[in-house]
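J.: quick one, what's the 3D model for this:
(4 chains)
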Protein chains: 2
Amino acid sequence: MQLKLKRDMSRKKAILRAATAFFSQKGFSETSMSELSKITGVAGGTIFYHFKNKEELFLAVLENVKADIIEEFGRYFGEKKFENGMEMMEGVILFYLYLAVTMEDHFLLLHRHYPYKLAETNPVCRGHLEAIYNCLADIFEQAILTGQKDGSIGDVNPRKTALIIFSMIDGIARFKTYNLYDAAALCNDVIAACRRMLERRVTPPACPAMPQT
Amino acid sequence: MQLKLKRDMSRKKAILRAATAFFSQKGFSETSMSELSKITGVAGGTIFYHFKNKEELFLAVLENVKADIIEEFGRYFGEKKFENGMEMMEGVILFYLYLAVTMEDHFLLLHRHYPYKLAETNPVCRGHLEAIYNCLADIFEQAILTGQKDGSIGDVNPRKTALIIFSMIDGIARFKTYNLYDAAALCNDVIAACRRMLERRVTPPACPAMPQT
DNA sequence: CTCTAAACTGATTGGTCACTCAGTCAGTTT
DNA sequence: AAACTGACTGAGTGACCAATCAGTTTAGAG
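T.: Residues are numbered from 1 along each chain as shown, chains lettered A, B, ... in the order given. Presented below is the predicted three-dimensional model:
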(Lines give C-alpha, C1' and ligand atoms only; values in the text may rest on other atoms or scores of the structure.)
Protein backbone atom coordinates (compact mmCIF):
# COMPACT_ATOMS: atom_id res chain seq x y z
CA MET A 1 0.00 0.00 0.00
CA GLN A 2 2.87 2.34 0.80
CA LEU A 3 4.49 1.51 -2.49
CA LYS A 4 1.23 2.15 -4.26
CA LEU A 5 0.75 5.54 -2.67
CA LYS A 6 4.34 6.56 -3.35
CA ARG A 7 3.99 5.61 -7.00
CA ASP A 8 0.78 7.60 -7.28
CA MET A 9 2.22 10.72 -5.67
CA SER A 10 5.41 10.66 -7.67
CA ARG A 11 3.43 10.49 -10.92
CA LYS A 12 1.06 13.28 -10.01
CA LYS A 13 3.89 15.43 -8.68
CA ALA A 14 5.98 14.76 -11.77
CA ILE A 15 3.11 15.92 -13.96
CA LEU A 16 2.62 18.99 -11.80
CA ARG A 17 6.30 19.87 -11.89
CA ALA A 18 6.54 19.45 -15.65
CA ALA A 19 3.32 21.41 -16.12
CA THR A 20 4.72 24.29 -14.05
CA ALA A 21 7.77 24.49 -16.28
CA PHE A 22 5.73 24.19 -19.48
CA PHE A 23 2.99 26.66 -18.57
CA SER A 24 5.66 29.14 -17.45
CA GLN A 25 8.00 28.84 -20.39
CA LYS A 26 5.56 28.15 -23.21
CA GLY A 27 2.25 29.49 -21.96
CA PHE A 28 -1.10 27.79 -21.56
CA SER A 29 -2.23 27.19 -25.13
CA GLU A 30 1.26 26.38 -26.41
CA THR A 31 1.56 23.64 -23.81
CA SER A 32 0.18 20.41 -25.23
CA MET A 33 -1.08 17.67 -22.97
CA SER A 34 0.43 14.97 -25.15
CA GLU A 35 3.84 16.63 -25.00
CA LEU A 36 3.43 16.82 -21.25
CA SER A 37 2.64 13.11 -21.09
CA LYS A 38 5.64 12.29 -23.26
CA ILE A 39 8.08 14.22 -21.09
CA THR A 40 6.79 12.69 -17.88
CA GLY A 41 6.81 9.21 -19.41
CA VAL A 42 3.13 8.74 -18.77
CA ALA A 43 0.29 7.72 -21.05
CA GLY A 44 -1.93 10.43 -22.46
CA GLY A 45 -4.90 9.45 -20.39
CA THR A 46 -3.02 9.44 -17.08
CA ILE A 47 -2.95 13.22 -16.84
CA PHE A 48 -6.71 13.31 -17.27
CA TYR A 49 -7.04 10.70 -14.58
CA HIS A 50 -5.31 12.99 -12.09
CA PHE A 51 -6.65 16.32 -13.39
CA LYS A 52 -10.10 16.81 -14.84
CA ASN A 53 -8.89 18.93 -17.75
CA LYS A 54 -6.16 21.33 -18.84
CA GLU A 55 -7.62 24.25 -16.91
CA GLU A 56 -7.78 22.26 -13.68
CA LEU A 57 -4.15 21.27 -14.15
CA PHE A 58 -3.29 24.92 -14.56
CA LEU A 59 -5.15 25.82 -11.37
CA ALA A 60 -3.26 23.11 -9.50
CA VAL A 61 -0.01 24.59 -10.79
CA LEU A 62 -1.07 28.08 -9.75
CA GLU A 63 -2.00 26.84 -6.29
CA ASN A 64 1.47 25.35 -5.95
CA VAL A 65 3.04 28.61 -7.05
CA LYS A 66 0.99 30.50 -4.49
CA ALA A 67 1.97 28.13 -1.68
CA ASP A 68 5.67 28.23 -2.62
CA ILE A 69 5.88 32.02 -2.80
CA ILE A 70 4.05 32.59 0.46
CA GLU A 71 6.15 29.91 2.13
CA GLU A 72 9.41 31.40 0.89
CA PHE A 73 8.59 34.83 2.29
CA GLY A 74 7.40 33.24 5.51
CA ARG A 75 10.71 31.46 5.89
CA TYR A 76 12.67 34.61 5.08
CA PHE A 77 10.91 36.60 7.81
CA GLY A 78 11.29 33.72 10.22
CA GLU A 79 15.06 33.74 9.81
CA LYS A 80 15.92 37.39 9.20
CA LYS A 81 15.65 40.24 11.68
CA PHE A 82 15.92 43.91 10.74
CA GLU A 83 17.36 46.99 12.41
CA ASN A 84 14.50 49.17 11.23
CA GLY A 85 11.84 49.55 8.57
CA MET A 86 14.19 50.89 5.92
CA GLU A 87 16.51 47.90 6.37
CA MET A 88 13.50 45.64 6.14
CA MET A 89 12.44 47.27 2.87
CA GLU A 90 15.91 46.77 1.47
CA GLY A 91 15.89 43.15 2.55
CA VAL A 92 12.48 42.52 1.00
CA ILE A 93 13.50 44.08 -2.30
CA LEU A 94 16.69 42.04 -2.50
CA PHE A 95 14.86 38.88 -1.54
CA TYR A 96 12.17 39.53 -4.17
CA LEU A 97 14.78 39.97 -6.89
CA TYR A 98 16.60 36.89 -5.58
CA LEU A 99 13.42 34.81 -5.75
CA ALA A 100 12.67 36.07 -9.25
CA VAL A 101 15.90 34.32 -10.29
CA THR A 102 15.81 31.16 -8.17
CA MET A 103 12.07 30.58 -8.68
CA GLU A 104 12.07 31.89 -12.22
CA ASP A 105 9.28 29.58 -13.37
CA HIS A 106 6.94 30.77 -10.65
CA PHE A 107 7.37 34.44 -11.48
CA LEU A 108 7.31 33.80 -15.21
CA LEU A 109 3.89 32.26 -14.79
CA LEU A 110 2.69 35.35 -12.93
CA HIS A 111 4.06 37.57 -15.69
CA ARG A 112 1.94 35.82 -18.28
CA HIS A 113 -1.46 36.89 -19.45
CA TYR A 114 -3.39 33.69 -19.05
CA PRO A 115 -3.85 33.62 -15.25
CA TYR A 116 -5.31 37.13 -15.24
CA LYS A 117 -7.63 36.35 -18.10
CA LEU A 118 -8.77 33.16 -16.42
CA ALA A 119 -9.27 35.08 -13.17
CA GLU A 120 -11.96 37.15 -14.88
CA THR A 121 -14.24 34.14 -15.10
CA ASN A 122 -12.79 31.66 -12.62
CA PRO A 123 -13.09 32.62 -8.92
CA VAL A 124 -10.60 29.95 -7.80
CA CYS A 125 -7.95 31.43 -10.06
CA ARG A 126 -8.83 34.91 -8.89
CA GLY A 127 -8.49 33.74 -5.30
CA HIS A 128 -4.98 32.41 -5.84
CA LEU A 129 -3.83 35.57 -7.58
CA GLU A 130 -5.32 37.81 -4.93
CA ALA A 131 -3.66 35.78 -2.20
CA ILE A 132 -0.27 36.14 -3.86
CA TYR A 133 -0.59 39.85 -4.57
CA ASN A 134 -2.04 40.70 -1.18
CA CYS A 135 0.76 38.78 0.51
CA LEU A 136 3.40 40.67 -1.44
CA ALA A 137 1.78 44.08 -1.12
CA ASP A 138 1.29 43.52 2.63
CA ILE A 139 4.97 42.77 3.05
CA PHE A 140 6.03 46.01 1.40
CA GLU A 141 3.42 47.91 3.41
CA GLN A 142 4.61 46.31 6.63
CA ALA A 143 8.14 47.50 5.98
CA ILE A 144 6.89 51.06 5.46
CA LEU A 145 4.70 51.00 8.58
CA THR A 146 7.60 49.66 10.63
CA GLY A 147 9.90 52.33 9.22
CA GLN A 148 7.43 55.07 9.99
CA LYS A 149 7.24 53.91 13.60
CA ASP A 150 11.00 53.79 14.11
CA GLY A 151 11.61 56.98 12.14
CA SER A 152 13.65 55.49 9.31
CA ILE A 153 10.90 56.13 6.77
CA GLY A 154 9.16 59.44 6.19
CA ASP A 155 5.52 60.43 5.95
CA VAL A 156 4.13 58.67 2.88
CA ASN A 157 0.88 56.82 2.26
CA PRO A 158 1.87 53.30 3.34
CA ARG A 159 -0.42 51.23 1.12
CA LYS A 160 -0.07 53.29 -2.02
CA THR A 161 3.68 53.63 -1.67
CA ALA A 162 3.91 49.89 -1.04
CA LEU A 163 2.06 49.25 -4.31
CA ILE A 164 4.32 51.67 -6.16
CA ILE A 165 7.50 50.01 -4.91
CA PHE A 166 6.01 46.58 -5.53
CA SER A 167 5.20 47.43 -9.12
CA MET A 168 8.67 48.92 -9.52
CA ILE A 169 10.42 45.78 -8.29
CA ASP A 170 8.10 43.53 -10.25
CA GLY A 171 8.70 45.64 -13.34
CA ILE A 172 12.45 45.21 -12.92
CA ALA A 173 12.03 41.46 -12.49
CA ARG A 174 9.85 41.36 -15.61
CA PHE A 175 12.38 43.31 -17.67
CA LYS A 176 14.94 40.78 -16.60
CA THR A 177 12.95 37.72 -17.65
CA TYR A 178 12.30 39.35 -21.04
CA ASN A 179 16.04 39.94 -21.44
CA LEU A 180 15.45 43.65 -21.88
CA TYR A 181 17.68 44.89 -19.09
CA ASP A 182 19.82 43.24 -16.48
CA ALA A 183 18.25 43.33 -13.05
CA ALA A 184 21.56 42.62 -11.31
CA ALA A 185 23.15 45.71 -12.82
CA LEU A 186 20.28 47.85 -11.56
CA CYS A 187 20.12 46.29 -8.12
CA ASN A 188 22.19 48.85 -6.21
CA ASP A 189 20.50 51.75 -7.95
CA VAL A 190 17.06 50.35 -7.19
CA ILE A 191 17.91 50.18 -3.50
CA ALA A 192 19.32 53.69 -3.60
CA ALA A 193 16.26 54.99 -5.43
CA CYS A 194 13.96 53.44 -2.85
CA ARG A 195 15.95 54.93 0.00
CA ARG A 196 15.65 58.37 -1.54
CA MET A 197 11.97 57.80 -2.11
CA LEU A 198 11.26 56.75 1.45
CA GLU A 199 13.75 58.47 3.73
CA ARG A 200 12.57 61.00 6.22
CA ARG A 201 13.21 64.59 5.13
CA VAL A 202 14.98 66.64 7.75
CA THR A 203 13.69 70.06 6.88
CA PRO A 204 16.14 72.59 8.33
CA PRO A 205 13.82 75.49 9.07
CA ALA A 206 15.58 76.97 12.09
CA CYS A 207 18.97 77.39 10.47
CA PRO A 208 19.76 80.99 9.63
CA ALA A 209 22.91 80.03 7.71
CA MET A 210 20.89 78.04 5.22
CA PRO A 211 18.26 80.21 3.55
CA GLN A 212 15.52 78.30 1.77
CA THR A 213 15.58 78.45 -2.01
CA MET B 1 -7.05 54.05 -59.80
CA GLN B 2 -7.67 56.09 -56.70
CA LEU B 3 -10.76 54.08 -55.92
CA LYS B 4 -8.83 50.89 -56.42
CA LEU B 5 -6.07 51.96 -54.10
CA LYS B 6 -8.55 53.15 -51.51
CA ARG B 7 -10.40 49.84 -51.52
CA ASP B 8 -7.14 47.94 -51.24
CA MET B 9 -5.87 50.07 -48.40
CA SER B 10 -9.13 49.96 -46.52
CA ARG B 11 -9.16 46.15 -46.64
CA LYS B 12 -5.55 45.77 -45.61
CA LYS B 13 -5.91 48.42 -42.94
CA ALA B 14 -9.11 46.84 -41.64
CA ILE B 15 -7.32 43.51 -41.29
CA LEU B 16 -4.41 45.21 -39.58
CA ARG B 17 -6.67 47.05 -37.16
CA ALA B 18 -8.66 43.96 -36.28
CA ALA B 19 -5.45 41.97 -35.90
CA THR B 20 -4.08 44.56 -33.48
CA ALA B 21 -7.16 44.24 -31.29
CA PHE B 22 -7.15 40.44 -31.47
CA PHE B 23 -3.46 39.90 -30.86
CA SER B 24 -3.63 42.32 -27.95
CA GLN B 25 -6.75 41.02 -26.29
CA LYS B 26 -6.51 37.32 -27.09
CA GLY B 27 -2.85 36.71 -27.78
CA PHE B 28 -1.13 35.25 -30.81
CA SER B 29 -2.13 31.60 -30.74
CA GLU B 30 -5.67 32.27 -29.52
CA THR B 31 -6.22 34.55 -32.50
CA SER B 32 -7.51 32.51 -35.41
CA MET B 33 -7.10 33.72 -38.94
CA SER B 34 -10.57 32.54 -39.93
CA GLU B 35 -12.13 34.48 -37.05
CA LEU B 36 -10.14 37.48 -38.19
CA SER B 37 -11.46 37.08 -41.72
CA LYS B 38 -15.01 36.74 -40.45
CA ILE B 39 -14.87 39.92 -38.38
CA THR B 40 -13.37 41.96 -41.19
CA GLY B 41 -15.92 40.55 -43.69
CA VAL B 42 -13.19 39.17 -45.90
CA ALA B 43 -12.61 35.69 -47.30
CA GLY B 44 -10.10 33.47 -45.54
CA GLY B 45 -7.57 33.67 -48.33
CA THR B 46 -7.57 37.45 -48.53
CA ILE B 47 -5.52 37.85 -45.36
CA PHE B 48 -2.89 35.54 -46.84
CA TYR B 49 -2.91 37.58 -50.00
CA HIS B 50 -1.90 40.69 -48.05
CA PHE B 51 0.28 38.99 -45.44
CA LYS B 52 2.48 35.99 -46.11
CA ASN B 53 1.49 34.18 -42.93
CA LYS B 54 0.30 34.74 -39.36
CA GLU B 55 3.74 35.73 -38.09
CA GLU B 56 4.17 38.34 -40.83
CA LEU B 57 0.78 39.77 -39.92
CA PHE B 58 1.92 40.01 -36.31
CA LEU B 59 5.11 41.78 -37.33
CA ALA B 60 3.08 44.26 -39.36
CA VAL B 61 0.93 44.91 -36.30
CA LEU B 62 4.00 45.38 -34.13
CA GLU B 63 5.50 47.78 -36.64
CA ASN B 64 2.32 49.83 -36.49
CA VAL B 65 2.41 49.83 -32.71
CA LYS B 66 6.01 51.01 -32.79
CA ALA B 67 5.23 53.82 -35.22
CA ASP B 68 2.17 54.95 -33.25
CA ILE B 69 3.95 55.06 -29.89
CA ILE B 70 7.00 56.89 -31.21
CA GLU B 71 4.74 59.31 -33.10
CA GLU B 72 2.62 60.03 -30.02
CA PHE B 73 5.64 60.91 -27.90
CA GLY B 74 7.03 62.95 -30.77
CA ARG B 75 3.84 64.96 -30.98
CA TYR B 76 3.74 65.43 -27.19
CA PHE B 77 7.25 66.88 -27.12
CA GLY B 78 6.46 69.02 -30.14
CA GLU B 79 3.55 70.65 -28.37
CA LYS B 80 4.59 70.73 -24.73
CA LYS B 81 7.37 72.80 -23.19
CA PHE B 82 8.72 72.31 -19.68
CA GLU B 83 10.03 74.63 -16.98
CA ASN B 84 12.76 72.20 -15.98
CA GLY B 85 13.77 68.54 -16.00
CA MET B 86 11.63 67.60 -13.02
CA GLU B 87 8.54 69.08 -14.70
CA MET B 88 9.44 67.21 -17.85
CA MET B 89 9.68 63.94 -15.91
CA GLU B 90 6.27 64.57 -14.39
CA GLY B 91 4.83 65.30 -17.82
CA VAL B 92 6.32 62.17 -19.34
CA ILE B 93 4.98 59.96 -16.55
CA LEU B 94 1.48 61.38 -16.83
CA PHE B 95 1.56 61.11 -20.60
CA TYR B 96 2.75 57.51 -20.40
CA LEU B 97 -0.08 56.57 -18.06
CA TYR B 98 -2.49 58.50 -20.29
CA LEU B 99 -1.33 56.61 -23.37
CA ALA B 100 -1.62 53.29 -21.54
CA VAL B 101 -5.35 54.02 -21.32
CA THR B 102 -6.06 55.65 -24.68
CA MET B 103 -3.85 53.22 -26.63
CA GLU B 104 -4.67 50.26 -24.42
CA ASP B 105 -4.31 47.70 -27.23
CA HIS B 106 -0.83 48.87 -28.08
CA PHE B 107 0.44 48.54 -24.54
CA LEU B 108 -1.42 45.29 -23.97
CA LEU B 109 0.45 43.82 -26.89
CA LEU B 110 3.75 44.90 -25.37
CA HIS B 111 2.76 43.35 -22.05
CA ARG B 112 2.31 39.97 -23.67
CA HIS B 113 4.89 37.25 -23.87
CA TYR B 114 4.75 36.46 -27.54
CA PRO B 115 6.67 39.44 -28.97
CA TYR B 116 9.60 38.84 -26.64
CA LYS B 117 9.68 35.15 -27.44
CA LEU B 118 9.52 35.87 -31.16
CA ALA B 119 12.29 38.46 -30.74
CA GLU B 120 14.65 35.68 -29.65
CA THR B 121 14.61 34.20 -33.12
CA ASN B 122 13.29 36.96 -35.36
CA PRO B 123 15.58 39.99 -35.79
CA VAL B 124 12.82 42.13 -37.30
CA CYS B 125 10.69 41.66 -34.21
CA ARG B 126 13.69 42.31 -32.00
CA GLY B 127 14.34 45.51 -33.92
CA HIS B 128 10.83 46.82 -33.35
CA LEU B 129 10.94 46.07 -29.65
CA GLU B 130 14.35 47.64 -29.22
CA ALA B 131 13.19 50.75 -31.06
CA ILE B 132 10.20 51.11 -28.75
CA TYR B 133 12.10 50.49 -25.54
CA ASN B 134 15.06 52.65 -26.49
CA CYS B 135 12.72 55.46 -27.41
CA LEU B 136 10.94 55.27 -24.06
CA ALA B 137 14.07 54.82 -21.97
CA ASP B 138 15.72 57.72 -23.81
CA ILE B 139 12.82 59.98 -23.00
CA PHE B 140 13.07 59.27 -19.27
CA GLU B 141 16.84 59.66 -19.42
CA GLN B 142 16.51 62.95 -21.25
CA ALA B 143 14.28 64.31 -18.52
CA ILE B 144 16.85 63.36 -15.89
CA LEU B 145 19.76 64.86 -17.84
CA THR B 146 17.81 68.08 -18.36
CA GLY B 147 16.96 68.19 -14.68
CA GLN B 148 20.55 67.66 -13.66
CA LYS B 149 21.61 70.57 -15.85
CA ASP B 150 19.02 72.97 -14.47
CA GLY B 151 19.44 71.75 -10.90
CA SER B 152 15.93 70.38 -10.40
CA ILE B 153 17.20 66.78 -10.27
CA GLY B 154 19.99 65.50 -8.05
CA ASP B 155 23.07 63.44 -8.72
CA VAL B 156 21.82 60.03 -9.86
CA ASN B 157 22.97 57.72 -12.64
CA PRO B 158 20.82 59.01 -15.51
CA ARG B 159 20.44 55.84 -17.57
CA LYS B 160 19.93 53.45 -14.70
CA THR B 161 17.50 55.73 -12.90
CA ALA B 162 15.64 56.23 -16.16
CA LEU B 163 15.25 52.45 -16.48
CA ILE B 164 14.08 52.17 -12.89
CA ILE B 165 11.42 54.84 -13.31
CA PHE B 166 10.42 53.39 -16.67
CA SER B 167 9.91 49.94 -15.18
CA MET B 168 8.00 51.50 -12.30
CA ILE B 169 5.58 53.33 -14.59
CA ASP B 170 5.25 50.37 -16.90
CA GLY B 171 4.59 48.15 -13.88
CA ILE B 172 1.80 50.47 -12.76
CA ALA B 173 0.32 50.45 -16.26
CA ARG B 174 0.52 46.66 -16.31
CA PHE B 175 -1.19 46.32 -12.94
CA LYS B 176 -3.92 48.48 -14.34
CA THR B 177 -4.54 46.42 -17.46
CA TYR B 178 -4.67 43.28 -15.32
CA ASN B 179 -7.25 44.95 -13.06
CA LEU B 180 -5.06 44.40 -10.03
CA TYR B 181 -4.84 47.99 -8.88
CA ASP B 182 -6.14 51.25 -10.18
CA ALA B 183 -3.47 53.34 -11.84
CA ALA B 184 -5.53 56.51 -11.55
CA ALA B 185 -5.71 56.22 -7.75
CA LEU B 186 -1.93 55.87 -7.57
CA CYS B 187 -1.16 58.64 -10.03
CA ASN B 188 -0.49 61.45 -7.56
CA ASP B 189 1.53 59.21 -5.28
CA VAL B 190 3.62 57.98 -8.20
CA ILE B 191 4.50 61.54 -9.10
CA ALA B 192 5.28 62.35 -5.48
CA ALA B 193 7.43 59.23 -5.13
CA CYS B 194 9.38 60.14 -8.25
CA ARG B 195 9.94 63.66 -7.02
CA ARG B 196 11.34 62.37 -3.74
CA MET B 197 13.48 59.89 -5.63
CA LEU B 198 14.96 62.49 -7.96
CA GLU B 199 15.05 65.81 -6.12
CA ARG B 200 18.32 67.41 -5.26
CA ARG B 201 19.35 66.94 -1.63
CA VAL B 202 20.36 70.16 0.06
CA THR B 203 22.86 68.81 2.53
CA PRO B 204 23.33 71.48 5.16
CA PRO B 205 26.90 70.84 6.22
CA ALA B 206 27.93 74.34 7.21
CA CYS B 207 25.10 74.92 9.63
CA PRO B 208 26.18 74.72 13.26
CA ALA B 209 22.61 74.77 14.52
CA MET B 210 21.83 71.52 12.71
CA PRO B 211 24.17 68.75 13.84
CA GLN B 212 24.23 65.70 11.58
CA THR B 213 22.59 62.56 12.96
C1' DC C 1 -15.13 47.08 -75.57
C1' DT C 2 -10.91 44.31 -74.63
C1' DC C 3 -7.12 43.03 -72.11
C1' DT C 4 -4.37 42.50 -68.06
C1' DA C 5 -3.02 42.37 -63.62
C1' DA C 6 -4.19 42.87 -59.08
C1' DA C 7 -7.53 41.76 -55.64
C1' DC C 8 -10.20 38.44 -53.91
C1' DT C 9 -12.66 33.88 -52.98
C1' DG C 10 -13.74 29.61 -50.35
C1' DA C 11 -13.38 24.71 -50.59
C1' DT C 12 -9.75 21.83 -49.42
C1' DT C 13 -5.76 19.78 -47.01
C1' DG C 14 -2.73 18.01 -43.67
C1' DG C 15 -1.98 18.45 -39.15
C1' DT C 16 -2.58 19.19 -34.10
C1' DC C 17 -5.24 19.39 -30.20
C1' DA C 18 -7.94 18.26 -25.80
C1' DC C 19 -10.42 14.90 -24.26
C1' DT C 20 -12.75 10.04 -24.05
C1' DC C 21 -13.32 5.38 -23.04
C1' DA C 22 -13.08 0.51 -23.06
C1' DG C 23 -10.05 -2.19 -21.19
C1' DT C 24 -5.51 -3.91 -18.56
C1' DC C 25 -3.33 -4.77 -14.38
C1' DA C 26 -1.42 -4.73 -9.58
C1' DG C 27 -2.66 -4.92 -5.22
C1' DT C 28 -6.29 -5.23 -1.46
C1' DT C 29 -10.35 -7.11 0.70
C1' DT C 30 -13.62 -10.62 1.61
C1' DA D 1 -9.70 -17.70 -4.98
C1' DA D 2 -13.08 -14.52 -6.17
C1' DA D 3 -14.52 -9.89 -6.13
C1' DC D 4 -13.22 -5.41 -6.02
C1' DT D 5 -10.59 -1.01 -6.47
C1' DG D 6 -7.85 2.64 -8.12
C1' DA D 7 -4.05 3.67 -11.24
C1' DC D 8 -3.00 3.62 -15.69
C1' DT D 9 -3.10 2.88 -20.88
C1' DG D 10 -3.32 4.34 -25.79
C1' DA D 11 -6.06 4.14 -29.85
C1' DG D 12 -9.73 6.84 -31.33
C1' DT D 13 -12.86 11.18 -32.07
C1' DG D 14 -14.45 15.44 -33.48
C1' DA D 15 -13.20 20.09 -33.63
C1' DC D 16 -10.34 23.51 -35.15
C1' DC D 17 -6.57 25.77 -37.50
C1' DA D 18 -2.96 27.83 -40.78
C1' DA D 19 -2.05 27.78 -45.19
C1' DT D 20 -2.95 26.67 -50.20
C1' DC D 21 -4.59 27.24 -54.78
C1' DA D 22 -7.39 27.04 -58.81
C1' DG D 23 -10.60 29.89 -60.20
C1' DT D 24 -13.51 34.41 -60.17
C1' DT D 25 -14.22 39.32 -59.88
C1' DT D 26 -12.80 44.01 -60.22
C1' DA D 27 -10.86 48.15 -62.03
C1' DG D 28 -8.47 50.92 -64.84
C1' DA D 29 -5.34 51.37 -69.23
C1' DG D 30 -5.28 51.19 -74.16
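J.: okay, and the residue of chain A at minimum distance from DNA strand D sits in which element?
T.: Per CB to the nearest atom of the strand, A:Gly45 is where chain A lies closest to DNA strand D, at 1.8 Å. In short, each C-beta sits where N, CA and C put it, glycine included. Using DSSP states H and E, A:Gly45 sits in helix A:44-50.
J.: ok, back up a step: tell me the confidence at the residue of chain A closest to DNA strand D?
T.: pLDDT for A:Gly45: 92.
J.: what of the one 4 residues further on?
T.: Listed pLDDT for A:Tyr49 reads 96.
J.: which residues does the closest residue in space to A:Lys54 that isn't next to it in sequence contact?
T.: In this structure, A:Lys54 finds its nearest non-sequential neighbour in A:Met33, 6.2 Å apart by CB to CB, 6 or more residues apart in numbering or on different chains. Taking CB atoms under 8 Å, 6 or more residues apart in numbering or on different chains, we find A:Met33 in contact with A:44, A:47-48, A:54.
J.: gap between A:Met33 and DNA strand C?
T.: From A:Met33 across to DNA strand C, the span is 4 Å (CB to the nearest atom of the strand, to the nearest Å).
J.: A:Phe82 now?
T.: 45 Å.
J.: now A:Glu56
T.: On the measure of CB to the nearest atom of the strand, A:Glu56 and DNA strand C end up 8 Å apart.
J.: follow-up on the earlier one: would you mind pulling the contact partners of the helix holding A:Gly45?
T.: A:11-12, A:15, A:33-34, A:36-37, A:57.
J.: quick check: the two most widely separated of those?
T.: A:Lys12 and A:Ser34 (17.8 Å; CB to CB).
J.: buried residues, the helix or strand hosting A:Phe140. List them.
T.: Assigned by DSSP H and E, A:Phe140 falls within helix A:123-150. By neighbour count on 16 or more other CB atoms under 10 Å in any protein chain shown, the buried set for helix A:123-150 is A:125-126, A:128-129, A:132-133, A:136-137, A:139-148.
J.: does DNA strand C have contacts with that helix?
T.: No. Contact of helix A:123-150 with DNA strand C (CB under 7 Å from any atom of the strand) is absent, the minimum separation being 14.9 Å.
J.: so after the lowest-mean-pLDDT helix or strand in chain A, what's the next helix or strand?
T.: In chain A, no helix or strand scores lower on mean pLDDT, DSSP states H and E than helix A:2-26, which sits at a mean of 78. Using DSSP H and E, the helix or strand that directly follows helix A:2-26 along the chain is helix A:33-40.
J.: in that following helix, which residues are buried?
T.: Here helix A:33-40 shows A:33, A:36-37, A:40 as buried, counting by 16+ other CB under 10 Å.
J.: dump these into CSV; add distance to A:Val190 and pLDDT as well.
T.: CSV is the format used below for the buried residues of helix A:33-40 (distance: CB to CB, whole Å; pLDDT from 0 to 100):
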residue, distance to A:Val190, pLDDT
A:Met33, 40, 97
A:Leu36, 37, 96
A:Ser37, 42, 96
A:Thr40, 39, 94
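J.: now those residues as a markdown table including distance to B:Asp189?
T.: Output for these, formatted as a markdown table (distance: CB to CB, whole Å):
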| residue | distance to B:Asp189 |
| --- | --- |
| A:Met33 | 45 |
| A:Leu36 | 44 |
| A:Ser37 | 49 |
| A:Thr40 | 47 |
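J.: neighbours of the closest residue to A:Ser37 other than its chain neighbours, just the number please.
T.: Among residues not flanking A:Ser37 along the chain, A:Gly44 sits closest, at 4.8 Å (CB to CB, 6+ apart). Residues lying near A:Gly44 (other CB atoms under 10 Å in any protein chain shown) number 11.
J.: ok, now A:Arg75?
T.: A:Arg75 is flanked by 10 other residues according to other CB under 10 Å.
J.: and it, that's in a helix?
T.: Yes. The assignment for A:Arg75 is a helix, going by DSSP: H, G, I helix; E, B strand; the rest coil.
J.: off-centre distance for whatever helix or strand comes next after the helix holding A:Phe140?
T.: Using DSSP H and E, the next helix or strand after helix A:123-150 towards the C-terminus is helix A:158-177. Mean-position distance between helix A:158-177 and its chain equals 10 Å (CA atoms, centre = their mean, to the nearest Å).
J.: any residue of helix A:158-177 up close to chain B?
T.: Yes. Applying CB under 8 Å from any CB of the partner chain, one finds helix A:158-177 in contact with chain B at A:160-161, A:163-164, A:166-168, A:170-172, A:174-175.
J.: show me what that helix is packed against.
T.: helix A:85-102, helix A:104-110, helix A:123-150, helix A:183-198, helix B:158-177, helix B:183-198 (3 or more CB pairs under 8 Å, 6 or more residues apart in numbering or on different chains; DSSP states H and E).
J.: in a markdown table: these, plus mean pLDDT.
T.: Output for the helices and strands packed on helix A:158-177, formatted as a markdown table (pLDDT from 0 to 100):
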| stretch | mean pLDDT |
| --- | --- |
| helix A:85-102 | 96 |
| helix A:104-110 | 96 |
| helix A:123-150 | 97 |
| helix A:183-198 | 94 |
| helix B:158-177 | 95 |
| helix B:183-198 | 94 |
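J.: just say which of the ones you listed is most tucked in.
T.: Highest mean neighbour count among these (mean count of other CB atoms under 10 Å in any protein chain shown): helix B:158-177, with a mean of 23.
J.: quick one, that helix and helix B:85-102 angle?
T.: If you take axes from the mean of the first three to the mean of the last three CA atoms, to 10 degrees, helix B:158-177 sits at 30 degrees to helix B:85-102.
J.: domain-wise, how is chain A divided?
T.: Per automatic domain parsing, the structural domains of chain A span A:1-51, A:56-198.
J.: tell me how far the last one is from the chain's mean position?
T.: Going back to what we said before, that points to domain A:56-198. The chain centroid and the centroid of domain A:56-198 are separated by 5 Å under CA atoms, centre = their mean.
J.: cool, and the shortest one?
T.: Its chain's average C-alpha position is 24 Å from that of domain A:1-51, according to CA atoms, centre = their mean.
J.: DNA strand C contacts on chain A?
T.: Counting by CB under 7 Å from any atom of the strand, chain A sits next to DNA strand C at A:1, A:3-4, A:29, A:31-35, A:44-45, A:48, A:53-55.
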